[in-house]
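# have a look; sequence and predicted model below, questions after that.
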Amino acid sequence: MPHPPSGFVSLVLHCHLPFVRHPEHEYFLEENWYYEAVFETYLPLLEVFESLENKKIPFSLTLSVSPTLLSMCLDPLLQKRALRYVDQLLALLKREKKRVGQDDSFGPVVQMYEEKLSRYRDLFMKYHGNVAEGFKRFQDSGHLELITCAATHGFLPLLRVYEPAVRAQIETALQLHRDFFGKNPVGFWLPECAYEPGMDKILKEYGIQFTFLETHGVLQATPHPSFGTFAPIVCPSGVTVFGRDLESSKQVWSAKEGYPGDPVYREFYRDIGYDLTTEELHPYLQPENFRRFTGLKYYRITGGTDQKEPYNPQLAQAKVRVHAGDFLSRRRHQAEEAHRWMDRPPLMTCLYDAELFGHWWYEGPSFLQELFEQNAGRQESLRFITPSDYLKIFSENQITQPVFSTWGVGGYSEFWLNETNDWIYPPLNSACAEMIRLADLKHTSGKLVLRALNQASRELLLAQSSDWAFMMKAGRYAPYAEQRIKIHLNRFYQLADSIRTNRVSEAYLSDLEERDNLFRKMDYQTFKKDPR
């Protein structure tokens, strides 16, 4: 018989980006968010999965793939532009090899980037320019559990003023996920981990079995959870909730206490897009000569000053092995301590944004690979497990009511509702009320009006994205976020007016369908007041 695990670890990576697609421009700066995520996070993760599979090392983790990210993965225009993005980086690296020459400090770093990006380009082509194909492959092999999120990552408690808005976010997400991945997701990532009592009841109606909350959302449940976050709890509705493990979160998330801040790791903010002259970067800075991050960073963190030392890939990889071993050791220690007062091996649920691994923390994908490789060699190992598999083993869990909570600063939605962004919610709610009225009308005017209703639904969903409120509070991309909300609401109301007057312009509608082309099977009736 296999040796019983000392504890269970559920790794959950949230894969999400707001929908950014601008066919009206040849180059658009914010589109780079997607290309960076593909080549710095998602392809490196897929390479790790393939390596573990080839080595026959068991691995299991959960990815929540947001519908907006999935929509971008499926889009031919963004696939084409992503290939252009990596080809321009590889061309820049060829020039950099000549500039750096035989420099012992920077030559190996340039060589590393060229080798990695070449591999990632090959992997990108293997999956036909769609990293979601790779996720599906590892879902089908049993290594990944793929779950979904709200359609455009809407902040559901604040949208719940009108319940059809929440239902539209959920239904649209489920359909897209099912159509591409071939399965109904049994798990659901609440955007920003934003939960309020009653939300679980709606999830239950759609067949969702489990979701995740920030630590205090579970610890403050009534009655108090007997096992804290070391076991899931069950809402009165029957939906299971997994609480985030606080200790493992700090080890990876924290800029001061966490692994990513180690001095030997790559410095994120020192990028050749700002270090080199525009002549040295020409013609690879697009839009023309607009300084931006290229992803090519030659220095390590070093310390808290501007003085940085060259990045050493070998030193960084050695530290990855140390940190992976430390992470596993601490999880085993947690499990041993908690098991003394539990009737089962403890579960540690580790929730992270996927882009932490690779984009922000360059060594993050290697860290994940080391976790699985080192754990596989221990008899008294932990067991990495998905939420679904855990519930197959432990189907009986404590019934208790979690509390309103989010992750992020403060833990109670203050990043998405404050003086920088509170103005957005009245117009969003007004537009939702109008969409509900339109959905409840009987429409007999033909296919053009039905297309307009579906496009109006898309525009409203896009305006509801929680990313815009986040950017306004964070500050850096606030003007773009404000513009996106206003643009989508303006498009929504133009469509709504044309629907009510039966004067839909096919040219205008077709243009919007091309620009905001996500959710091809959008059904405006998801906004009906009575979903039955």
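Structure received.

# quick one: the strands in the stretch 151-300 of the chain?
188-189, 210-213, 233-234, 240-243 (DSSP state E, counting those that start in this stretch).

# can I get the ones you listed in JSON lines including distance to Pro197?
Heads up, the C-betas are built off the backbone N, CA and C, glycines and all. Output for these, formatted as JSON lines (distance: least, C-beta to C-beta, whole Å):
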{"stretch": "strand 188-189", "distance to Pro197": "16"}
{"stretch": "strand 210-213", "distance to Pro197": "12"}
{"stretch": "strand 233-234", "distance to Pro197": "13"}
{"stretch": "strand 240-243", "distance to Pro197": "11"}
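
# nearest to Ile487, of these?
Of all those, strand 188-189 sits nearest to Ile487, with 26.4 Å by C-beta to C-beta.

# what packs against that closest one?
Where contact means 3 or more C-beta pairs under 8 Å, 6 or more residues apart in numbering; DSSP states H and E, strand 188-189 is packed against strand 144-149, strand 210-213.

# nearest to Leu453, of the ones you listed?
Taking the helices and strands packed on strand 188-189 one by one with C-beta to C-beta, strand 144-149 is closest: 23.6 Å.

# adjacent strands (with direction) for that closest one?
strand 61-65 (parallel), strand 188-189 (parallel) (DSSP bridges).

# wait, which of these is closest to Glu370?
strand 61-65 (13.9 Å).

# can you name the next helix or strand after the closest one?
From strand 61-65 onward toward the C-terminus, using DSSP states H and E, the following helix or strand is helix 67-74.

# please state the offset of that following helix from the chain centre?
11 Å (C-alpha atoms, centre = their mean, to the nearest Å).

# list the buried residues in whatever helix or strand comes next after that helix.
The helix or strand immediately downstream of helix 67-74 is helix 76-100, counting by DSSP H and E. Across helix 76-100, burial judged by 16 or more other C-beta atoms under 10 Å covers 78-79, 81-82, 85-86, 88-89, 92-93, 96, 100.

# show me what helix 76-100 is packed up against.
By 3+ C-beta pairs under 8 Å, 6+ apart, helix 76-100 packs against helix 32-37, helix 107-126, helix 278-281.

# can you list the helices and strands packed on strand 188-189 in TSV and add mean neighbour count and distance to Glu114?
As requested, these are arranged in TSV below (neighbours: other C-beta atoms under 10 Å; distance: least, C-beta to C-beta, whole Å):
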stretch	mean neighbour count	distance to Glu114
strand 144-149	25	29
strand 210-213	25	38
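
# quick one on the thing from earlier: need the buried residues of helix 76-100 in TSV (columns: pLDDT and distance to Pro185).
Shown next, in TSV, are those (pLDDT from 0 to 100; distance: C-beta to C-beta, whole Å):
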residue	pLDDT	distance to Pro185
Leu78	98	23
Gln79	98	24
Arg81	97	28
Ala82	98	25
Tyr85	97	30
Val86	97	30
Gln88	95	36
Leu89	96	34
Leu92	96	39
Leu93	96	39
Glu96	94	43
Val100	89	46
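
# just those now: which is nearest Pro426?
Leu78 (32.8 Å).

# Lys473 and Leu158, how far apart?
14 Å (C-beta to C-beta, to the nearest Å).

# so for these two, which residues contact both of them?
Trp416 (C-beta atoms under 8 Å, 6 or more residues apart in numbering).

# between these two, tell me which one has more neighbours.
Neighbour tally, Lys473 and Leu158, criterion other C-beta atoms under 10 Å: the higher count belongs to Leu158, 21 against 18.

# I'd say that one and Ile424 touch.
No - the criterion here is C-beta atoms under 8 Å, and Leu158 misses it with Ile424 at 9.3 Å.

# what about the stretch 151-300 of the chain, any weak spots by pLDDT?
Applying pLDDT under 70 to the stretch 151-300 of the chain flags the ranges 255.

# most packed of the helices and strands packed on helix 76-100?
Using mean count of other C-beta atoms under 10 Å, the stretch among the helices and strands packed on helix 76-100 with the greatest mean number of neighbours is helix 32-37 (a mean of 20).

# what's the following helix or strand after it?
With elements assigned by DSSP H and E, the helix or strand that comes after helix 32-37 is helix 43-54.

# remind me what the longest helix seen in the chain packs against, helices and strands.
As assigned by DSSP state H, the longest helix anywhere in the chain is helix 313-339. If contacts are counted by 3+ C-beta pairs under 8 Å, 6+ apart, helix 313-339 sits against helix 107-126, helix 246-253, strand 347-353, helix 364-376.
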